[in-house]
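S.K.: show me how the following folds:
(chains A, B, C and D)
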There are 4 protein chains.
Amino acid sequence: MRVAIMGSGGDAPGMNPAIKRFVEAAFAFDMEPYFVFDGLEGLIDERISKASYEDVAGIIHRGGAIVGSSRSERWYEYKYRKKAYENLRKAEIEALVVMGGDGSFKAMKLFLEEFDFAVIGIPTTIDNDIFGTDISLGADTALNVIRDAIDKIRDTASTFSRAFVIETMGRECGYLAAVSAVTSGAEVCVIPEVSFDIESATKILKEEIKRGRRYILAVVAEGTGKTEEIVKWLKDDIGMETRLSVLGHIQRGGNPTVKDRLLGSGFALESIKALARGDRDRVVVYSDSRFSTLSFDSVLSQKYIIDEEILSMLNFSG
Amino acid sequence: MRVAIMGSGGDAPGMNPAIKRFVEAAFAFDMEPYFVFDGLEGLIDERISKASYEDVAGIIHRGGAIVGSSRSERWYEYKYRKKAYENLRKAEIEALVVMGGDGSFKAMKLFLEEFDFAVIGIPTTIDNDIFGTDISLGADTALNVIRDAIDKIRDTASTFSRAFVIETMGRECGYLAAVSAVTSGAEVCVIPEVSFDIESATKILKEEIKRGRRYILAVVAEGTGKTEEIVKWLKDDIGMETRLSVLGHIQRGGNPTVKDRLLGSGFALESIKALARGDRDRVVVYSDSRFSTLSFDSVLSQKYIIDEEILSMLNFSG
Amino acid sequence: MRVAIMGSGGDAPGMNPAIKRFVEAAFAFDMEPYFVFDGLEGLIDERISKASYEDVAGIIHRGGAIVGSSRSERWYEYKYRKKAYENLRKAEIEALVVMGGDGSFKAMKLFLEEFDFAVIGIPTTIDNDIFGTDISLGADTALNVIRDAIDKIRDTASTFSRAFVIETMGRECGYLAAVSAVTSGAEVCVIPEVSFDIESATKILKEEIKRGRRYILAVVAEGTGKTEEIVKWLKDDIGMETRLSVLGHIQRGGNPTVKDRLLGSGFALESIKALARGDRDRVVVYSDSRFSTLSFDSVLSQKYIIDEEILSMLNFSG
Amino acid sequence: MRVAIMGSGGDAPGMNPAIKRFVEAAFAFDMEPYFVFDGLEGLIDERISKASYEDVAGIIHRGGAIVGSSRSERWYEYKYRKKAYENLRKAEIEALVVMGGDGSFKAMKLFLEEFDFAVIGIPTTIDNDIFGTDISLGADTALNVIRDAIDKIRDTASTFSRAFVIETMGRECGYLAAVSAVTSGAEVCVIPEVSFDIESATKILKEEIKRGRRYILAVVAEGTGKTEEIVKWLKDDIGMETRLSVLGHIQRGGNPTVKDRLLGSGFALESIKALARGDRDRVVVYSDSRFSTLSFDSVLSQKYIIDEEILSMLNFSG
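M.R.: Just a heads-up that it's a prediction; the model follows:
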């Protein structure tokens, strides 16, 4: 049985450990592993090749993905999806493991509805916004990259008397911002999930400044669209010299953490096990410390909710 | 209600985030937080002082523990435990939160049997050998420190044609070694929990060398006592120039990871909640993504077992 | 003899090692060390205190500066400079060591012209734009922080087929950008010192893309004001999906490198030696592997020039 | 003109940036670059191949050396050196650039005496023990790796009341240990170049402990052979619980620092320039901020001396 792995959409640290384990587990289950390069674009353009042990030696500690990834507009035309299907049949590949986020899973659902094919999804996004899995591949490394950046910014914020606004990635999901605020002791955290009470925050911060607070760290999720507003507020209402730091794409890179290497390995192993069991339409999820699978439908029909424990810790933040 | 926090036994990254949250959560629950310095030794010698917000500002990213820690022989004489109890009474402290491992929990159990006092334990050890909790405070940072070290050693191992034996901490528990081997793609992993089949390993490695393998990484848990034996085996039987790297105490240090900061915060918050509920003899544990508590007895009466998923991944390791 | 140290203007990693050595060296030369807190603002407001060994224990690895820093507008009114002078006299301080950049040195020159006082400057700026010294305190750490960021961005750039524009700090000086481009193998480098030939660059890049180049890294010094232009060029003329990463204030933070710790130590020791010799108006510089001193005048009257060797290496960059 | 690059002896971070620049500079000077793999062993066994731009893309941030290295006993038999010479002639290679330390330079000197060939040396060793160059390739990265390790150990040392002995590499040269002690604020530093006055150290430390010192860091160069003695002294005479950390091979690995990337680039560029000038027997050195060359003889006939400034700073250490 020939099985292929590919990336799709935004990249995330941990894809390489997943690719490595995919190849090893495929051989262990007597399957033949293949790579699809450059995501759905590569699938359409038939960039497919056989994978070997040698291909995945020495990649476990590298960020990014050796198979590449892409965002594809062509995919949303039927003729290209058909082309993709034909490419897979031609290569005698019977199953596809796709590392991606919600957008990529929607793209695969479309494919599954039209063609008789086995597809297994691996939740892969630093945004950590996928329903059914406590954590997605890449989020732990992104959080630790953000931690490093905030630790550096705290150095300079505390030397001066300054406010710093740090914008994290995460689109509509405030996970990265919320966890970063809790674990960096940020005074302010603005995320889409929680309405930010600017009046009460103003009162608290002004009192703290009166009592001696020298600097303020504010973490803002890009998805709130409130970054500029918070900068203006700290400058004008709180009255502090304020600097903005948009962390940007460094959040997607970096040597994967142990957690992401382990998750990548586990997700890949489970995807092979699912295929060995005959699954044809599943997403591997990690919940309550266990791997299991859900249908693409159930993953896509619900919204990821940040753990209450984390949100509750925001209350004492500072 | 006055509540005190202390460290005991080996230190671990994440203690400072726990101390910070302990102080904040205590105030939030209308308790008065105190520090006991230098572990049980400090408790005996009455090194106790009131804690404030200022004490815990800017400590979240620092390894070690601002309250210190110690190993105490005096504790095992009744008169010193009585002295400790009297010191706490004198300071009008009603509850003690202890960050420590199995040894420290045993020490506290002794105390609980003799004196009417509230004690909450926080599982704190890089060894990750405490029953009832999926992970102990400090283990995630230790794993990432080991990852960095092995990534560096792989650089030099791959430049030469060499075998490297890396000894990790962990006493009787192979958790650090097993996870490190899986996530670093080490070829060999020797832990107390699994018997190492030297004959089969010899056969596999010799074949791989014949097929082109240039270097070997072997991760050995110190608790196996087999480090020298593995070095000798790689040198004499496998026939490779072999180097030993004993990672040692760098594994205990370092800026805590996001996971350990989150765990430290969560453990501390739960310990305060437990005290608020009137608990007097509990260890906070983290299992299946949730915090809960167990009695000291139940934690101490059973042995931590490494997750099957991790051990199963060792099979494909390489 | 009482001597004080202070920060002024932008902060830079390495100030804490300098402060530590300043205190130790002062004691070794039988001087009494003092701190002025929060830069010129603190000098005006008399935030001055005696320094001890204890104050500088355990600070060598911390970014920022324990004495703080500031930018001061009041300083440019005579009455505040007079106030500062009187504060120093009152505290019986006879000499001031100032860690700062060109702006701070100008501020001190003004002071030296009006008052009879000993001032020694330590070139402190990540921008590395001070005449007479091969390297300023903080630049080496900033370069390594930029290196880490570009290494992370390369991960994601190479996974996709993308161009990345990385904007570094440096005001009118292209040092950080030029060295970063050379040492990160960036394809494009735009700095104020060298005119960027966009036509020739377009031709070269288009050819390379035809031959298989998948991604482009472009490092742009903020002082060129050309960041947006380069983004547009890569997108529209080169035809690549392009992302911008403004590194911002993470460049000022972080655990100082060995080089910056050594420089900080050396600068501080030289400043004490200069005071012991009776110098009253000098900047310590590091050139051709040796510390020496120049007058504030000579440092301020000339412009720092990037080493030819570095610029010449830009030619082969890619 | 065909020119080849190779590694020899111990590896060091920065070799990959040197290899990259070597290839680029060779093309820029209209030479044809070649690789010799696995050091002198590979030269004897004819592991030689043409180098291309593609071979050196994306290697600048990787530790180790893509061309490998080795220590060779066969080299010291004439027949193998002759074989090496014939291999080079056969491949029509006219010049060899060798990245290595003193041992490798001696090996090349032997070769130069017997055969008419052009050889350029690049001082490559973390030990930094080569005469004529202020710094060797790899030393800056090694120092920063040691810094990280000592920062981690300080965390745990300060939590307990403990002494830590940290053994660094460096053979007969105390450079790594001395610079690490200065820049980490270690209380004790033991190197081959300076006799360690144990009596005076005992007196000073005992006084400091009486005044409140909680922990001691001692850095010992492996070349002194005194590691165990210092551990015993701290334990028995100073009376502190003492732990030993032998840093070992992590010192050779890791992502090269900006300094080592710049040095690697510079050394490689100079080696090509030297060959373009017709040099046939030179080592590139970096001294007083400039690259220049010396004959193998002059480099080998003198001993590297640690800078007085560094040794003088040891006096205030603590």
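
S.K.: from memory A:Ile44 sits against A:Glu77, does it?
M.R.: No. Using C-beta atoms under 8 Å, A:Ile44 is not in contact with A:Glu77; the gap is 9.7 Å. C-beta coordinates here come from the backbone N, C-alpha and C atoms, glycine included.

S.K.: what pLDDT does A:Ile19 get?
M.R.: Here the pLDDT value assigned to A:Ile19 is 98.

S.K.: packing partners of the host helix or strand of it?
M.R.: Per DSSP states H and E, A:Ile19 falls inside helix A:15-28. Under the contact criterion of 3 or more C-beta pairs under 8 Å, 6 or more residues apart in numbering or on different chains; DSSP states H and E, helix A:15-28 touches strand A:2-7, strand A:32-36, strand A:93-100, helix A:258-276.

S.K.: same thing but 6 Å
M.R.: In terms of contacts (3 or more C-beta pairs under 6 Å, 6 or more residues apart in numbering or on different chains; DSSP states H and E), helix A:15-28 is packed against strand A:2-7, helix A:258-276.

S.K.: residue boundaries of the strands in chain A?
M.R.: A:2-7, A:32-36, A:48-50, A:93-100, A:118-123, A:162-168, A:188-190, A:216-221, A:241-246, A:281-287, A:290-295 (DSSP state E).

S.K.: same list (the ones you listed) but as a markdown table, adding distance to chain D and mean pLDDT.
M.R.: Below are the strands of chain A laid out as a markdown table (distance: least, C-beta to the nearest C-beta, whole Å; pLDDT from 0 to 100):
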| stretch | distance to chain D | mean pLDDT |
| --- | --- | --- |
| strand A:2-7 | 18 | 98 |
| strand A:32-36 | 18 | 98 |
| strand A:48-50 | 18 | 98 |
| strand A:93-100 | 21 | 98 |
| strand A:118-123 | 25 | 98 |
| strand A:162-168 | 24 | 96 |
| strand A:188-190 | 27 | 96 |
| strand A:216-221 | 23 | 96 |
| strand A:241-246 | 21 | 95 |
| strand A:281-287 | 30 | 97 |
| strand A:290-295 | 32 | 96 |
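
S.K.: got those as CSV, with distance to B:Thr242 and mean neighbour count columns?
M.R.: CSV is the format used below for the strands of chain A (distance: least, C-beta to C-beta, whole Å; neighbours: other C-beta atoms under 10 Å in any protein chain shown):
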stretch, distance to B:Thr242, mean neighbour count
strand A:2-7, 35, 26
strand A:32-36, 32, 23
strand A:48-50, 34, 15
strand A:93-100, 37, 25
strand A:118-123, 37, 27
strand A:162-168, 45, 26
strand A:188-190, 50, 26
strand A:216-221, 47, 26
strand A:241-246, 46, 18
strand A:281-287, 37, 22
strand A:290-295, 36, 17
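
S.K.: before we move on, back to that, who has more neighbours out of A:Ile44 and A:Glu77?
M.R.: For A:Ile44 versus A:Glu77, neighbours defined as other C-beta atoms under 10 Å in any protein chain shown are more numerous around A:Ile44 (22 against 12).

S.K.: and the more buried one, what is it in contact with?
M.R.: Counting by C-beta atoms under 6 Å, 6 or more residues apart in numbering or on different chains, A:Ile44 touches A:74, A:80, A:83-84.

S.K.: residues from chain A in reach of chain C?
M.R.: Counting by C-beta under 6 Å from any C-beta of the partner chain, the residues of chain A close to chain C are A:11, A:63-65, A:68-69, A:149, A:152-153, A:155-156, A:158-159, A:243, A:245, A:248-250, A:252-254.

S.K.: could you redo the last one with a cut-off of 7 Å?
M.R.: For chain A, the residues in contact with chain C (C-beta under 7 Å from any C-beta of the partner chain) are A:11, A:63-65, A:68-70, A:145, A:149, A:152-153, A:155-156, A:158-160, A:164, A:243, A:245-246, A:248-250, A:252-254.

S.K.: among the contacts of A:Ile44, who's most crowded?
M.R.: A:Ala84 leads the contacts of A:Ile44 on contacts (other C-beta under 10 Å) with 25 neighbours.

S.K.: show me what from the stretch 1-150 of chain A comes close to chain B.
M.R.: Counting by C-beta under 7 Å from any C-beta, the stretch 1-150 of chain A comes close to chain B at A:20, A:24-25, A:28, A:58, A:60-61, A:134, A:140, A:143-144, A:147.

S.K.: can I get the buried ones among those residues as something I can paste into PyMOL?
M.R.: Here is the PyMOL command that selects the buried residues among the residues of the stretch 1-150 of chain A next to chain B (16 or more other C-beta atoms under 10 Å in any protein chain shown):
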select buried, chain A and resi 20+24+25+60+61+134+140+143+144+147
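
S.K.: okay, who's weakest in the residues of the stretch 1-150 of chain A next to chain B by pLDDT?
M.R.: A:Gly58 (86).

S.K.: list the contacts of that one.
M.R.: With contact taken as C-beta atoms under 7 Å, 6 or more residues apart in numbering or on different chains, A:Gly58 is in contact with B:Ser158.

S.K.: then A:Arg171?
M.R.: Shown in contact with A:Arg171 (C-beta under 7 Å, 6+ apart): A:127, A:129, A:223.

S.K.: repeat for A:Met99
M.R.: If you count contacts by C-beta under 7 Å, 6+ apart, A:Met99 has them with A:7-8, A:15, A:18, A:122, A:124, A:137.

S.K.: how about 10 Å then?
M.R.: A:Met99 makes contact with A:5-9, A:11-12, A:14-15, A:18-19, A:22, A:39, A:65, A:67, A:69, A:121-125, A:136-138, A:264, A:267-268, A:271, according to C-beta atoms under 10 Å, 6 or more residues apart in numbering or on different chains.

S.K.: then A:Leu143?
M.R.: A:Leu143 makes contacts with A:126, A:128, A:135, A:168, A:175-176, A:179-180, A:183-184, A:251, A:257, A:259-260, B:257-259, B:261-262, as judged by C-beta under 10 Å, 6+ apart.

S.K.: redo that, cut-off 8 Å
M.R.: By C-beta atoms under 8 Å, 6 or more residues apart in numbering or on different chains, A:Leu143 lies in contact with A:176, A:179-180, A:183, B:258.

S.K.: now A:Ser180
M.R.: A:Ser180 makes contact with A:143, A:146-147, A:150, A:166, A:168, A:186, A:219, B:258, according to C-beta under 8 Å, 6+ apart.

S.K.: please redo it, this time with the cut-off set to 7 Å
M.R.: A:143, A:146-147, A:150, A:168, A:219.

S.K.: one more: A:Ala163?
M.R.: Residues in contact with A:Ala163 (C-beta under 7 Å, 6+ apart) are A:215-216, A:218, A:234, A:238, A:240, A:242.

S.K.: any chance of these in JSON lines, plus distance to A:Ala51?
M.R.: Shown next, in JSON lines, are the contacts of A:Ala163 (distance: C-beta to C-beta, whole Å):
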{"residue": "A:Tyr215", "distance to A:Ala51": "50"}
{"residue": "A:Ile216", "distance to A:Ala51": "50"}
{"residue": "A:Ala218", "distance to A:Ala51": "45"}
{"residue": "A:Leu234", "distance to A:Ala51": "51"}
{"residue": "A:Ile238", "distance to A:Ala51": "55"}
{"residue": "A:Met240", "distance to A:Ala51": "54"}
{"residue": "A:Thr242", "distance to A:Ala51": "50"}
